[in-house]
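> here are the coordinates; sequence isn't available:
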């Protein structure tokens, strides 16, 4: 197989094809860039703020950064610490006489006057089980 026979298929395409190929590529690139800019501009201008029906606007949940619930099933109680968004504000501490998570969320929502969905989203649980407590006593 000679060099001449391997180059022959490219000669069929001709010089005009090779001269037009960069032009066609440039046209695709420009049209693609223009379409991308248009789509992104429409997406940015069409943004709207979505409000949930179950969370009232301006309620107290905007002021809460985190809710820490320490569930101690050995003693049958839950200690709750509510950390506010404003770091200079005082934390709220609540002690609940239940260890069921559903009851905890409902009582926190009632105490803080916010929806249970907000409580569920903001709450971080630490659970101390009776088995863990026995193991801790054995280790110490």
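Now that the structure is in, tell me what you want to look at. Computed from a prediction, not measured in an experiment: that's the story for all the values here.
> what about the helices in the protein?
Assigned by DSSP state H, the helices in the chain fall at 3-45, 101-112, 116-122, 130-139.
> who wins for proximity to residue 69 among the ones you listed?
helix 101-112 (5.9 Å; CB to CB). The C-beta positions use only the backbone N, C-alpha and C, and glycine is treated the same way.
> list the contacts of that closest one.
If you take CB atoms under 8 Å, 6 or more residues apart in numbering as the criterion, helix 101-112 is touched by 60-61, 64, 67, 69, 71, 78, 80, 82, 92, 94, 96, 98, 115-116, 118-120, 123, 125.
> which stretches of this protein have low pLDDT?
Applying pLDDT under 70 to the chain picks out residues 1-12, 43-62, 132-140.
> and the residue nearest the centre of it, how far is that from residue 96?
In the chain, the centroid-proximal residue (CA atoms, centre = their mean) is residue 121; its distance is 11.2 Å. Relative to residue 96, residue 121 is positioned 19 Å away (CB to CB, to the nearest Å).
> same thing with residue 71?
9 Å.
> between the two, which contacts overlap?
Contacts common to residue 71 and residue 96, judged by CB under 8 Å, 6+ apart, are 78, 104.
> more crowded one of the two?
residue 71 (21 against 17; other CB atoms under 10 Å).
> so who does that one touch?
Counting by CB under 8 Å, 6+ apart, residue 71 has contacts 78, 99, 101, 104, 125, 126, 127, 128.
> tally of neighbours for the third one?
Neighbour count for residue 101, taken as other CB under 10 Å: 15.
> what's the answer for the fifth one, then?
By the other CB under 10 Å criterion, the neighbourhood of residue 125 contains 13 residues.
> gap between it and residue 89?
Between residue 125 and residue 89 the computed distance is 23 Å (CB to CB).
> for the second one, same thing?
Per CB to CB, residue 99 is found 28 Å from residue 89.
> my guess is residue 69 contacts residue 124. True?
Yes: between residue 69 and residue 124 a contact is recorded at 7.1 Å, counting by CB atoms under 8 Å.
> contacting residues around residue 77?
Per CB under 8 Å, 6+ apart, neighbours of residue 77: 95, 96, 97, 98, 99.
> domain ranges for the protein?
The chain breaks down by automatic domain parsing into domains covering 7-47, 62-139.
> nice, that's everything, thank you.
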